[in-house]
Every structure is written in structure tokens, then in C-alpha cells.
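Asks: Turn this into a structure:
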Amino acid sequence: MSAKIERFPGVPAPRPEVNPSRGESAALRYVSRAQEAFQLIAMAGTDLERSAYCEIAEAWLDLAEAALPIRA
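Replies: Residues are numbered from 1 along each chain as shown. Predicted coordinates for the structure are as follows:
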């Protein structure tokens, strides 16, 4: 019985710098806002505050998803 031993694939080479589209740039901004809302959730004092910040974060994430271009 014989086996061929190969090295694990290395870390993939970084992709060349690609300028994000306007939609991708907007999505990144929306995700950043959602992250801020998630940080506020951690600091919220009441369930009502946490619920409100959660809804805000979900809205930002919905906007981020809508801003992304459709990929086939």
C-alpha cells in the first residue's frame, strides 16, 4: 500500500485590490452601524432598550443586505 503525502494548501494569496461598488461600500457602512448598535445592546440597562437596539441593528443589516448587488 502506498500513499501520496502532500502539504496542506497554504494561505491563499490576497486578491488584487478591487474597488468595491457603491452598493458594497454602502453595505459596509450599514454593517458598521449595526455593529455600533450591537455594542449598545451590551450596555443597555433595560429589556426595552435592548429590544430597541436589536431592532435597530436588524434594520441596519437589512439595509446592508439590500445594498449588495445581486449575484447570479
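
Asks: Look up the closest residue to the residue nearest the centre of the chain, ignoring the ones flanking it.
Replies: Nearest residue to the geometric centre of the chain (C-alpha atoms, centre = their mean): V31, 5.9 Å. Once flanking residues are discounted, V31 sits nearest to A64: 4.9 Å by C-beta to C-beta, 6 or more residues apart in numbering. Quick note: C-beta positions are derived from backbone N, CA and C, even for glycine.

Asks: picking up where we left off before, output the contacting helices and strands for whatever helix or strand the residue nearest to the centre of the chain lives in.
Replies: V31 is part of helix 22-43 when elements are defined by DSSP states H and E. Judged by 3 or more C-beta pairs under 8 Å, 6 or more residues apart in numbering; DSSP states H and E, helix 22-43 is in contact with helix 47-67.

Asks: so how far is the helix it packs on off the chain centroid?
Replies: From the chain centre to the centre of helix 47-67 is a distance of 13 Å (C-alpha atoms, centre = their mean, to the nearest Å).

Asks: Outside of that helix itself, list whatever touches it.
Replies: With contact meaning C-beta atoms under 8 Å, 6 or more residues apart in numbering, helix 47-67 is reached by 23-24, 26-28, 30-31, 33-34, 37-38, 40-41, 44.

Asks: Narrow these to those that are buried.
Replies: Neighbour-count burial (16 or more other C-beta atoms under 10 Å) is assigned, among these, to A26, A27, Y30, V31, R33, A34, A37, L40.
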